[in-house]
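Q: sequence and predicted structure below; questions after.
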Amino acid sequence: GQQVMQIPQYQHVQEGEDFTTYCNSSTTLSNIQWYKQRPGGHPVFLIQLVKSGEVKKQKRLTFQFGEAKKNSSLHITATQTTDVGTYFCAGGGGKLIFGQGTELSVKP
Amino acid sequence: NAGVTQTPKFQVLKTGQSMTLQCAQDMNHNSMYWYRQDPGMGLRLIYYSASEGTTDKGEVPNGYNVSRLNKREFSLRLESAAPSQTSVYFCASSELRGISYEQYFGPGTRLTVT
């Protein structure tokens, strides 16, 4: 069945450093979504990408969808302590397949 | 708007006991989902309901049953709990808006089976 792999599993950065998480699918995706889960919280939707090669920005966050629609990335510029949490990618339509998530910790 | 609500927040069960996790949404969404979250495993879909009156299995349905009681409510039942079902359970709902399937999650139920 369809699989969505996400790397790295953990990332520890110093505040102000950049952070990137990568998502790869075994099959072509119709769209990809990104969610953030704060420690002890629930996943919260960040963004959806639909088009091949699409790039979207939200302040310090940059999301990319690969040309073949099989991979995606989330890049955070100059991390802050408020960025702490686990970032998940999820592929598919109404029934999403989630990656394992990347847990980001930020040292002040 | 409360969004998606789940009860209970925490539960401890003994092996073999049964329980029902409740979920309700007030956003008039057609689709509802049950996920479990285990360390390093991401979110795995247990069951989903594309619309009122329909349910379908997800990735890990064994040991669970669901009921879509009405458009608002979607419950998850563990008939005979096992330690392997210790997890955090999230309910979610969504509605197709254009091409967006953004899912809204409830706060979760932390279940321990001893």
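A: Structure received. Residues are numbered from 1 along each chain as shown, chains lettered A, B, ... in the order given.

Q: stretch B:79-98 close to chain A?
A: Yes. Residues of stretch B:79-98 contacting chain A under C-beta under 8 Å from any C-beta of the partner chain: B:Phe90, B:Ala92, B:Ser94, B:Leu96. All C-beta spots, glycine's among them, are computed from the backbone N, C-alpha and C.

Q: can I get those in a markdown table including secondary structure, distance to B:Ala81 and pLDDT?
A: Putting the residues of stretch B:79-98 next to chain A into a markdown table (DSSP: H, G, I helix; E, B strand; the rest coil; distance: C-beta to C-beta, whole Å; pLDDT from 0 to 100) gives the following:
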| residue | secondary structure | distance to B:Ala81 | pLDDT |
| --- | --- | --- | --- |
| B:Phe90 | strand | 18 | 98 |
| B:Ala92 | strand | 22 | 97 |
| B:Ser94 | strand | 28 | 92 |
| B:Leu96 | coil | 34 | 75 |
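
Q: only whichever of those residues are buried, select them in PyMOL.
A: This is how PyMOL selects the buried members of those, with burial counted by 16 or more other C-beta atoms under 10 Å in any protein chain shown:
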select buried, chain B and resi 90+92+94
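
Q: dihedrals phi and psi, the residue minimising distance to the centre of chain B?
A: Centroid check for chain B by C-alpha atoms, centre = their mean gives B:Trp34 as the closest residue, at 2.6 Å. Dihedral pair for B:Trp34: phi -120, psi 130, per degrees, to the nearest 10.

Q: show me the contacts for it.
A: B:21, B:23, B:45-48, B:58, B:64, B:66, B:74, B:76, B:89-91 (C-beta atoms under 8 Å, 6 or more residues apart in numbering or on different chains).

Q: show me where the chain has its helices.
A: Using chain A. Counting by DSSP state H, chain A forms no helices at all.

Q: so, low pLDDT: which residues of it?
A: A:93-94 (pLDDT under 70).

Q: alongside chain B, which residues does it contribute?
A: So chain A meets chain B at A:1, A:6, A:9, A:31, A:33, A:35, A:41-45, A:48, A:50, A:88, A:90, A:93-101 (C-beta under 8 Å from any C-beta).

Q: got a markdown table for the contacts of B:Trp34, with secondary structure too?
A: Shown next, in a markdown table, are those (DSSP: H, G, I helix; E, B strand; the rest coil):
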| residue | secondary structure |
| --- | --- |
| B:Leu21 | strand |
| B:Cys23 | strand |
| B:Leu45 | strand |
| B:Ile46 | strand |
| B:Tyr47 | strand |
| B:Tyr48 | strand |
| B:Gly58 | coil |
| B:Tyr64 | strand |
| B:Val66 | strand |
| B:Phe74 | strand |
| B:Leu76 | strand |
| B:Tyr89 | strand |
| B:Phe90 | strand |
| B:Cys91 | strand |
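
Q: flag every residue of chain B that's near chain A.
A: B:31, B:33, B:35, B:40-45, B:48, B:50, B:58-59, B:90, B:92, B:94, B:96, B:99-108.

Q: which of these count as buried?
A: The buried subset of those - by 16+ other C-beta under 10 Å - is B:31, B:33, B:35, B:42-45, B:48, B:50, B:58-59, B:90, B:92, B:94, B:101-108.

Q: which of those fall in helices?
A: Per DSSP H, the subset of these in helices is empty.

Q: what about A:Gln100, neighbour count?
A: 19 (other C-beta atoms under 10 Å in any protein chain shown).

Q: for the closest residue to it other than its chain neighbours, list each beta-bridge partner.
A: Computed as C-beta to C-beta, 6 or more residues apart in numbering or on different chains, the closest residue to A:Gln100 that is not its neighbour in sequence is B:Gly42, at 4.2 Å. Assessed by DSSP bridges, B:Gly42 has beta-bridge partners B:Asp38.
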